[in-house]
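A structural model of the following input is requested.
(one chain, ligands or ions: 1)
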Amino acid sequence: MLCDGRIVCGCADPYGHRVLGDVRSASVRDVWSGSTISTLREDLNAGGSQFCGDCPLKLPLKKDEVPVVRSLDAGPLPSRMYIECTAACNISCNQACCAPETGITRTRQAGMLDFDLFRRVIDEAGASLVRIDFFNYGEAFLHKRAVEMCEYIKSRFPQVYLYTSTNGLALTDAQARRLVHSGIDEVTFSIDGATPESYVKYRQRGRFDIAIATLRAMADEKRRSGRDVPFLNWRYILFKWNDSDAEMARARELATDIGVDRLCWEITDHPEDAYSRRFVPGSAELDSIRHEIWDDNNLGNAIPGAMPRARIDVRTPWPAVPGMPLRARAGRPLQVHTRVRNLSTRAFPAQATYGRRLVRLGAQLCAADGTILDRDYARAWLPQTLGPGDRADVPIEIAAPEQPGRYALKFDLVSEGIDWFERCGSTTTVKPFWVR
Ligand SMILES: C[S@@+](CC[C@H](N)C(=O)[O-])C[C@H]1O[C@@H](n2cnc3c(N)ncnc32)[C@H](O)[C@@H]1O
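Numbering: from 1, shown residues only. Below you'll find the model as predicted:
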């Protein structure tokens with residue numbers, strides 16, 4: 001939803017060219033099942049739509065490629081929304097499509113999202129939403145009531161995963177602290193550099209010290225109040241002027257000192273004269289930080305020691321003999337004893353107030369050659385939060401498949417709702433599994 005109430009189809013439409021409807025004159029339900037979006041769904045199933053125009057997300061079908069066919073019944077309401085409070089910004093990112101000089105705010109029919117309109121949309125769609133991305137183009141927290149909007153969403157619909165991305169420059173210390181208590185689940189700070197001089201080359205007119213102070217205030221408030229949300233990310237776009245080992249090491253140190261949950265690098269290809277020449281796709285340099293890249297996986301972390309790493313010893317059968325299979329009867333339960341060790345500097349939480357990011361042990365059912373048959377085959381809770389270096393015995397009950405045969409079980413930890421540890425390079429343990 002753009003800040004004037006028009007609904008566009010996605011985040012890659014900065015100037016509002018592809019409008020599906022307008023919640024100033026219609027309900028969300030009407031827009032979601034209206035003729036524009038219904039025709040678009042039909043067209044996409046048939047291979048393409050005029051509606052998409054010059055959308056940069058559009059990809060040509062390859063020769064003989066059959067378009068993906070999705071259900072035309074998308075339910076009465078969406079499950080996910082982006083909400084734009086304003087397209088205005090307090091800085092001017094170098095050659096960005098949403099820099100104030102582009103005139104982006106003139107493409108909106110309102111400067112700031114009307115609070116009553118916002119409330120009406122949330123009241124109508126909130127129960128069906130699983131996630132709200134509370135940002136788009138511009139800087140959301142320039143809206144005087146943005147923090148109040150976050151509070152409204154989380155107090156009315158606590159099941160919504162509420163996420164925002166900010167440059168951190170518009171929030172006062174008091175607002176940043178208040179935002180921590182709103183219940184917002186995750187906040188990303190876009191801070192592209194670790195010194196004021198390099199930061200301002202992209203974030204023109206920005207103030208590095210203010211962005212860092214706001215991030216510090218949120219981390220401090222979260223720690224002081226003993227809350228496990230919001231999860232705080234520092235997202236750092238690599239440009240040719242901020243990609244030296246020295247500057248990246250400075251960011252790693254600063255993130256550790258502030259108490260940020262996750263530091264990640266972003267690889268970009270624009271602006272053309274600014275992107276990092278060092279970390280280009282396919283380079284050994286990029287490969288060396290692969291798991292620390294924002295888009296590589298959802299757990300990777302550039303903070304020293306914070307990359308999730310575990311060791312899982314499978315202690316059934318015992319005493320262990322290398323290569324000895326786990327054996328079970330078809331359809332019967334098998335108790336497997338494991339010992340899990342935290343090899344990172346961050347705790348593995350056994351519980352989370354909001355039901356995500358708690359860590360559990362998972363067993364994935366694989367064919368004998370390792371092909372995954374069922375990624376979510378079995379789960380076991382950690383008996384308690386595992387601090388850095390801690391270990392715990394974690395029994396896991398596996399129901400043997402009904403079909404006898406030779407399988408394998410892959411044991412890995414999972415940060416629930418986020419990702420498997422393997423995706424950021426943690427070692428898994430694989431055991432042959434013979435079912436009689
Ligand atoms: C356009 S900003 C708007 C939201 C907010 N004002 C902020 O700074 O996070 C949304 C996202 O775009 C990303 N972004 C900005 N310039 C980019 C670039 N040249 N390449 C890749 N991502 C970029 C930012 O890092 C941020 O995560």
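
who in the stretch 201-350 of the chain is up against the ligand?
R235, I237, E266, T268, H270 (C-beta under 6 Å from any ligand atom). For glycine as for every other residue, the C-beta is placed from the backbone atoms N, C-alpha and C.

if we use 5 Å, what do you get?
Contacts of the stretch 201-350 of the chain with the ligand, taken as C-beta under 5 Å from any ligand atom, map to T268.

closest residue of the stretch 301-436 of the chain to the ligand?
In the stretch 301-436 of the chain, the residue that lies nearest the ligand is A302 (15.1 Å; C-beta to the nearest ligand atom).

go on, the stretch 251-400 of the chain?
Counting by C-beta to the nearest ligand atom, the stretch 251-400 of the chain gets nearest the ligand through T268, at 3.3 Å.

wouldn't that residue be in contact with Y236 here?
No - if you go by C-beta atoms under 8 Å, T268 and Y236 don't touch, sitting 10.9 Å apart.

these two: who's more crowded?
Y236 (27 against 14; other C-beta atoms under 10 Å).

that one belongs to a strand, doesn't it?
Yes - the assignment for Y236 (DSSP: H, G, I helix; E, B strand; the rest coil) places it in a strand.

give the contact list for it.
Residues in contact with Y236 (C-beta atoms under 8 Å, 6 or more residues apart in numbering) are I191, D192, G193, A194, N242, A251, L263, C264, W265, E266.

which helices and strands sit right next to the helix or strand hosting W265?
Element membership for W265, per DSSP states H and E: strand 262-267. Secondary-structure packing of strand 262-267 (3 or more C-beta pairs under 8 Å, 6 or more residues apart in numbering; DSSP states H and E): strand 231-238, helix 245-258.

Three-state assignment for H17, please.
Of the three states, H17 takes coil under three-state DSSP.

would you mind measuring from it to R6?
11 Å (C-beta to C-beta, to the nearest Å).

neighbour-wise, which of those two wins?
Higher neighbour count among H17 and R6: R6, with 20 against 14, using other C-beta under 10 Å.

surely the more buried one and A110 touch.
No - the pair R6 / A110 is not scored as a contact, 9.6 Å apart, by C-beta under 8 Å.

any common contacting residues for those two?
Joint contacts of R6 and A110 (C-beta under 8 Å, 6+ apart) do not exist.

could you pull out the helices for the stretch 201-350 of the chain?
208-225, 245-258, 284-288 (DSSP state H, counting those that start in this stretch).

residues contacting the first one, please?
Residues outside helix 208-225 that contact it (C-beta under 8 Å, 6+ apart) are 167-169, 171, 173, 176-177, 179-181, 187, 189, 191, 193, 195-196, 199-200, 203, 229-230, 232, 234, 254, 258-260.

quick one, which of the residues you listed are buried?
Neighbour counting over these (16 or more other C-beta atoms under 10 Å) leaves 167-169, 171, 176-177, 179-181, 187, 189, 191, 193, 199-200, 203, 229-230, 232, 234, 254, 258, 260 as the buried ones.

tell me which residues of stretch 394-412 come out buried.
Within stretch 394-412, the residues scored as buried using 16+ other C-beta under 10 Å are V394, I396, I398, A400, P401, Y407, A408, L409, K410, F411, D412.

any chance of these in TSV, plus secondary structure?
Putting the buried residues of stretch 394-412 into TSV (three-state DSSP) gives the following:
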residue	secondary structure
V394	strand
I396	strand
I398	strand
A400	coil
P401	coil
Y407	strand
A408	strand
L409	strand
K410	strand
F411	strand
D412	strand
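
got JSON lines for those, with pLDDT and distance to the ligand too?
Listed next are the buried residues of stretch 394-412 as JSON lines, based on pLDDT from 0 to 100; distance: C-beta to the nearest ligand atom, whole Å:
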{"residue": "V394", "pLDDT": "98", "distance to the ligand": "36"}
{"residue": "I396", "pLDDT": "98", "distance to the ligand": "38"}
{"residue": "I398", "pLDDT": "97", "distance to the ligand": "41"}
{"residue": "A400", "pLDDT": "97", "distance to the ligand": "46"}
{"residue": "P401", "pLDDT": "98", "distance to the ligand": "43"}
{"residue": "Y407", "pLDDT": "98", "distance to the ligand": "42"}
{"residue": "A408", "pLDDT": "97", "distance to the ligand": "39"}
{"residue": "L409", "pLDDT": "98", "distance to the ligand": "38"}
{"residue": "K410", "pLDDT": "98", "distance to the ligand": "33"}
{"residue": "F411", "pLDDT": "98", "distance to the ligand": "35"}
{"residue": "D412", "pLDDT": "98", "distance to the ligand": "29"}
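
these: which two are farthest apart?
Farthest-apart pair in the buried residues of stretch 394-412 is V394 and P401; separation 22.0 Å (C-beta to C-beta).

how close does the residue most central in space within the chain sit to L263?
In the chain, the centroid-proximal residue (C-alpha atoms, centre = their mean) is N298; its distance is 6.0 Å. Here the criterion is C-beta to C-beta. By it, N298 lies 14 Å from L263.

swap in L162?
Distance of L162 to L263, given as C-beta to C-beta: 21 Å.

run through the stretch 201-350 of the chain and note the low-pLDDT ranges.
For the stretch 201-350 of the chain, not a single residue meets the criterion pLDDT under 70.

could you count how many residues lie near the closest residue in space to V359 that isn't next to it in sequence?
Spatial nearest neighbour of V359, chain neighbours left out: F348 (3.9 Å); criterion: C-beta to C-beta, 6 or more residues apart in numbering. Number of residues near F348 (other C-beta under 10 Å) recorded here: 25.

isn't F348 right up against P383?
No - when contacts are counted by C-beta under 8 Å, F348 is not listed as touching P383 (11.4 Å).

any idea of the mean pLDDT in stretch 144-157?
Across stretch 144-157, pLDDT averages out at 98.

how does this protein divide up, domain by domain?
78-292, 310-435 (automatic domain parsing).

one step back: narrow the contacts of Y236 to just the buried residues.
Among the contacts of Y236, those buried by neighbour count (16+ other C-beta under 10 Å) are I191, D192, G193, A194, N242, A251, L263, C264, W265.

tabulate these (CSV), appending distance to A284.
Output for these, formatted as CSV (distance: C-beta to C-beta, whole Å):
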residue, distance to A284
I191, 27
D192, 23
G193, 24
A194, 23
N242, 20
A251, 21
L263, 22
C264, 20
W265, 16
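
tell me how many other residues surround the closest residue to G47 other than its chain neighbours.
Spatial nearest neighbour of G47, chain neighbours left out: P67 (4.4 Å); criterion: C-beta to C-beta, 6+ apart. P67: 12 surrounding residues under other C-beta under 10 Å.
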